[in-house]
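Colleague: One predicted model, sequence on top.
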Amino acid sequence: MFTKKARLWVIGIALILLGWTISKQVYEIAAVIGMGIGLLIWGYFKEGTVVMAAREFHAKNYDAAEELLKEIEDPDRLGKHRRGFYEFIYGNIELHRHNYDEAEKHFQIATRFPLRNQNDKAIVLVHLANINLRKKDYERASAYVEKAQTFKISSRVKNIIEKIETEIKKA
């Protein structure tokens, strides 16, 4: 859970310590420091700044969340669970900014990855249904609602689904 800049600072300090421990011939500690550096590099590619972006998103600080997500140069390298949250957060940011086409793209990608639980997966589908309802594509909206109902969902999500179904029937 470091930013790119923080990771580079920690790796720099660790490299200095690594050099010092090797010069003092304390190879056990050097190995541990080397593994720590490897873990930081692995975390950069597999974890990214998604957790930090999620904190900013929940605090409704959308600009900071987007900046943290932009630090991830290649989202395809993220781990499966992180990639789902990356797309979910980015989709919500775009939805908040009324960029519905971009939001739809991110939510569709999010459906292909595991999320925290079935309710979160249903929320993504509900967002997709809402976006398609705005576009007056009632057939796709209905398909997303049907898919969302197959998951174990909370009563709040059930109420939203019922409202969407009512809107679809009106059309």
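Modeller: Perfect, I can see it now. Since we're looking at a predicted model, the values are computed, not measured.

Colleague: gap between residue 34 and residue 79?
Modeller: 22 Å (CB to CB, to the nearest Å). Heads up, the C-betas are built off the backbone N, CA and C, glycines and all.

Colleague: End to end on stretch 37-56, go ahead and measure it.
Modeller: In stretch 37-56, first residue to last residue: 27 Å (CA to CA, to the nearest Å).

Colleague: Buried residues, it. List them.
Modeller: Across stretch 37-56, burial judged by 16 or more other CB atoms under 10 Å covers 37, 40, 44, 47-50, 52-54, 56.

Colleague: and if you look at stretch 152-160?
Modeller: By neighbour count with 16+ other CB under 10 Å, stretch 152-160 contains the buried residues 153, 157, 160.

Colleague: what stretches of this structure score poorly on pLDDT?
Modeller: Along the chain, the parts satisfying pLDDT under 70 run over 1.

Colleague: residue boundaries of the strands in it?
Modeller: Ranges of strands within the chain: none, based on DSSP state E.

Colleague: Quick check: nearest residue in space to residue 144, chain neighbours excluded?
Modeller: residue 129 (3.8 Å; CB to CB, 6 or more residues apart in numbering).

Colleague: residue contacts, the one you found?
Modeller: Taking CB atoms under 8 Å, 6 or more residues apart in numbering, we find residue 129 in contact with 140-142, 144-145, 148, 161, 164.

Colleague: before we move on, what about residue 46?
Modeller: Contacts of residue 46 by CB under 8 Å, 6+ apart are 77-79, 82.

Colleague: Buried only: go through those residues for me.
Modeller: With burial judged by 16+ other CB under 10 Å, the buried subset of the contacts of residue 46 is 78-79, 82.

Colleague: Out of these, which sit inside helices?
Modeller: residue 82 (DSSP state H).

Colleague: As CSV, the buried ones among the contacts of residue 46 with distance to residue 4 would be great.
Modeller: Formatted as CSV, the buried ones among the contacts of residue 46 follow (distance: CB to CB, whole Å):
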residue, distance to residue 4
78, 14
79, 17
82, 15
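
Colleague: Of the buried ones among the contacts of residue 46, which is the nearest to residue 2?
Modeller: Taking CB to CB as the measure, residue 2 lies nearest residue 82 of the buried ones among the contacts of residue 46, at 14.1 Å.

Colleague: looking at it, that closest one is touching residue 48, isn't it?
Modeller: Yes. With contact defined as CB atoms under 8 Å, residue 82 reaches residue 48; the gap is 6.2 Å.
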